[in-house]
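S.K.: need a 3D model of the following:
(one chain, ligands or ions: 1)
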Amino acid sequence: MSLLVKICGLSTRETLQTALDAGADMVGFVFFPPSPRHVSLETGRELGRQVKKRALKVALTVDADDATLDNIMDALSPDIFQLHGRESVARLRDIKQKFGRPVMKAVPVATSADLAVLPGYAAVADRILFDARAPKDATRPGGLGAPFDWHLLENLELDLPYMVSGGLDAENLAEAVRITRAGGVDVSSGVESAPGVKDPELIKAFIRAARATRELSVR
Ligand SMILES: O=C(O)c1ccccc1N[C@@H]1O[C@H](COP(=O)(O)O)[C@@H](O)[C@H]1O
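M.R.: You can find the predicted model right below:
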């Protein structure tokens, strides 16, 4: 199976087009005002139209309320919600029921104790995204360009698709996939020249490197 590639935090037509043309499977739009990648509903609507079913549209939210999700549904009509806050299992169930979209729950990882939440989330989520746990004083819970210890997932047994993120780039993604056996990779900072500024060449290099992991695993 080919590795799923998600390019997150796209906010311009040009870089979205680069990600689509380079073959991204998922394109992520951040609806979280403190983030340097935040997009307004109008921008989300415009970028969403540009996707034209060439990739799955992912709406990244952080502890968003129903009204916010309603607005995102109307503007972007996402294929999947990425829930990157402290959403409970009950809230996941509620969102799936109210909005009729699959959910990918981000699980912050710093130690093995962080994996204790998995059975609860796995019963409801459609996909898990393992991301580095942000420091307590961080202004956002992700998108910080920091990796976690991938060996924490080495013996993971999860009957659910999962992706890995946090500080990935074209150089280290193969190692992250080899250790975690993740079915997908998600990147934001690693394809940027500055926070929130996507670099087309880095996007292409990341997707090229992700496609090459398939060849590695066949050997
Ligand atoms: O990108 C953001 O600004 C962001 C804000 C709030 C929550 C998550 C965010 N991004 C996600 O974080 C991970 C790791 O990103 P990075 O590659 O280390 O920068 C990724 O899943 C992004 O989707």
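S.K.: and the helix or strand bottoming out on mean pLDDT in the chain, which residues are buried?
M.R.: The helix or strand of the chain with the lowest confidence, counting by mean pLDDT, DSSP states H and E, is helix 200-218 at a mean of 86. Within helix 200-218, the residues scored as buried using 16 or more other Cβ atoms under 10 Å are 200, 202-207, 209-210, 213. Every C-beta, even on glycine, is put in place using the N, C-alpha and C of the backbone.
S.K.: hmm, that helix touching the ligand?
M.R.: No: using Cβ under 6 Å from any ligand atom, we find that helix 200-218 stays clear of the ligand, coming within 9.8 Å at best.
S.K.: output the contacting helices and strands for that helix.
M.R.: In this structure, helix 200-218 makes packing contacts with strand 4-7, helix 13-21, helix 173-180, judged by 3 or more Cβ pairs under 8 Å, 6 or more residues apart in numbering; DSSP states H and E.
S.K.: hey, what's the spatially most central residue of the chain bridged with?
M.R.: For the chain, the residue nearest the mean C-alpha position is D186 (4.8 Å; Cα atoms, centre = their mean). Note on D186: beta-bridge partners K6, judged by DSSP bridges.
S.K.: use 187 as the first number from now on
M.R.: Happy to do that; since the first residue is 187 now, the last one works out to D372.
S.K.: this protein: strands as residue ranges?
M.R.: Using DSSP state E, the strands assigned to the chain run over residues 190-193, 212-216, 242-247, 266-269, 289-295, 313-318, 348-350, 370-373, 378-380, 383-384.
S.K.: can you add mean pLDDT and distance to the ligand and give these back as a markdown table?
M.R.: Supplementary listing: the strands of the chain in a markdown table, determined by pLDDT from 0 to 100; distance: least, Cβ to the nearest ligand atom, whole Å:
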| stretch | mean pLDDT | distance to the ligand |
| --- | --- | --- |
| strand 190-193 | 98 | 7 |
| strand 212-216 | 98 | 5 |
| strand 242-247 | 98 | 6 |
| strand 266-269 | 98 | 6 |
| strand 289-295 | 98 | 6 |
| strand 313-318 | 98 | 5 |
| strand 348-350 | 97 | 8 |
| strand 370-373 | 98 | 4 |
| strand 378-380 | 98 | 8 |
| strand 383-384 | 98 | 11 |
